[in-house]
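Novice: Mind folding the following:
(one chain, ligands or ions: 1)
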Amino acid sequence: MSESEYPYTSEGDFVSYDAGRSSEEAMRVTARSFYELMNRRRSIRTFSSDPVPRDLIELAVLAAGTAPSGAHRQPWTFVAVGDQNLKRRIRLAAEDEERTNYLEGRMPEDWKREIARLGTSWQKPYLEDAPWLVVLFEQRYGFADDGSRTKHYYVKESVGIAAGLFIAALHTMGLATLTHTPSPMAFLSRLLDRPVNERPFVLFPIGYPAEGSVVPRLDRKALVEIMVECEA
Ligand SMILES: Cc1cc2nc3c(=O)[nH]c(=O)nc-3n(C[C@H](O)[C@H](O)[C@H](O)COP(=O)(O)O)c2cc1C
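Specialist: Residues are numbered from 1 along each chain as shown. I've put the predicted structure just below:
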């Protein structure tokens with residue numbers, strides 16, 4: 001792009017950006033090892049209660065907070081729960097909802113069949129066993145200094161990207177998690193005393209896999225199934 005096409009107005013405050021460039025061979029090596037690392041990630045549903053230091057959770061949240069977001073509103077809040085008593089209350093409330101889903105007909109039969117192979121049930125012991133629960137809330141709107149509402153844009157997309165970075169950060173440092181969405185999740189707003197502009201997005205139990213953990217055998221789609229190339 002020539003300088004005359006430079007699209008930004010002088011209203012903004014800009015700093016220079018130079019991420020550096022590597023050789024294609026170096027890029028290939030980095031990209032392959034990142035893919036191989038990510039391809040080893042699995043959702044874990046049995047956690048060891050071994051402690052995980054708080055600063056590791058903070059670092060994962062910092063990494064998640066680098067996500068791009070609509071108009072840079074950063075519409076996310078990560079609530080980290082390490083307190084055993086609060087984790088127990090979250091487990092009991094989640095199981096109350098999930099019992100209704102699984103046993104009292106709130107979950108459609110086809111969905112039940114789909115997830116049967118994952119080995120899930122209404123019981124959620126991992127919500128107590130994992131040393132940390134991090135609940136990611138989406139901020140549907142924000143507040144200005146004078147208390148008036150400010151608009152947030154593309155909230156779900158932004159928070160979804162932050163969630164992905166969070167999962168990747170945890171996995172990269174050797175921690176396991178589960179993307180958990182007990183439904184409905186309103187109990188999390190109540191138990192964690194969140195403001196009205198926030199809505200629970202995902203609940204992440206975090207820790208080490210329990211010894212002897214197993215995961216369902218799953219295939220990931222091949223490149224040709226998930227990528228379409230439009231060549232000139
Ligand atoms: C938005 C979302 C919600 C999910 N909710 C649940 C859940 O409530 N309970 C659960 O056991 N797994 C849940 N999962 C995990 C999926 O079952 C899991 O990611 C999928 O089976 C693929 O397995 P993998 O993560 O090991 O690759 C959820 C995943 C996503 C992306």
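
Novice: Indicate whether the helix-or-strand element of the chain with minimal mean pLDDT makes contact with the ligand.
Specialist: Taking mean pLDDT, DSSP states H and E as the measure, the chain has helix 109-116 as its least confident helix or strand, at a mean of 84. No - Helix 109-116 is not in contact with the ligand by CB under 6 Å from any ligand atom; minimum separation 6.9 Å. In this view, the C-beta of every residue, glycine as well, is placed from N, C-alpha and C.

Novice: neighbouring contacts of the next helix or strand after that helix?
Specialist: Remark: after helix 109-116, the chain's next helix or strand is helix 126-129, criterion DSSP states H and E. Residues outside helix 126-129 that contact it (CB atoms under 8 Å, 6 or more residues apart in numbering) are 44-49, 84, 87-88, 90-91, 94, 133, 178, 180, 203, 205, 207, 210.

Novice: Show the contacting residues for residue 231.
Specialist: Contacts of residue 231 by CB under 8 Å, 6+ apart: none found.

Novice: Contacts for the least confident helix or strand of the chain, please.
Specialist: The set of residues external to helix 109-116 that reach it, using CB under 8 Å, 6+ apart, is residue 102.

Novice: quick one: buried residues of it?
Specialist: Using 16 or more other CB atoms under 10 Å as the test for burial, helix 109-116 gives no buried residues.

Novice: Pull out the buried members of the contacts of helix 126-129.
Specialist: 44-48, 87, 90-91, 94, 133, 178, 180, 203, 205, 207, 210.

Novice: Could you list which of these belong to strands?
Specialist: 133, 203, 205, 207 (DSSP state E).

Novice: of those residues, closest to the ligand?
Specialist: Checking those against the ligand by CB to the nearest ligand atom gives residue 203 as the nearest, at 8.0 Å.

Novice: check contacts around the closest one.
Specialist: 90, 94, 127, 133, 134, 135, 136, 180, 181, 182, 185, 188.

Novice: Up against the ligand, what does the protein have?
Specialist: Taking CB under 6 Å from any ligand atom as the contact definition, the chain meets the ligand at 42, 43, 45, 118, 120, 178, 179, 180, 181, 182, 215, 218.

Novice: so which of those would you say is closest to residue 140?
Specialist: residue 181 (17.1 Å; CB to CB).

Novice: Name the nearest residue to the closest one, sequence neighbours excluded.
Specialist: residue 202 (6.0 Å; CB to CB, 6 or more residues apart in numbering).

Novice: Then residue 117?
Specialist: Per CB to CB, 6+ apart, closest to residue 117 is residue 216, 5.8 Å.

Novice: burial count for that neighbour?
Specialist: Residue 216: 12 surrounding residues under other CB atoms under 10 Å.

Novice: ok, back up a step: give me the number of neighbouring residues for the residue nearest to residue 181.
Specialist: Look at residue 202: counted by other CB under 10 Å, it has 21 neighbours.
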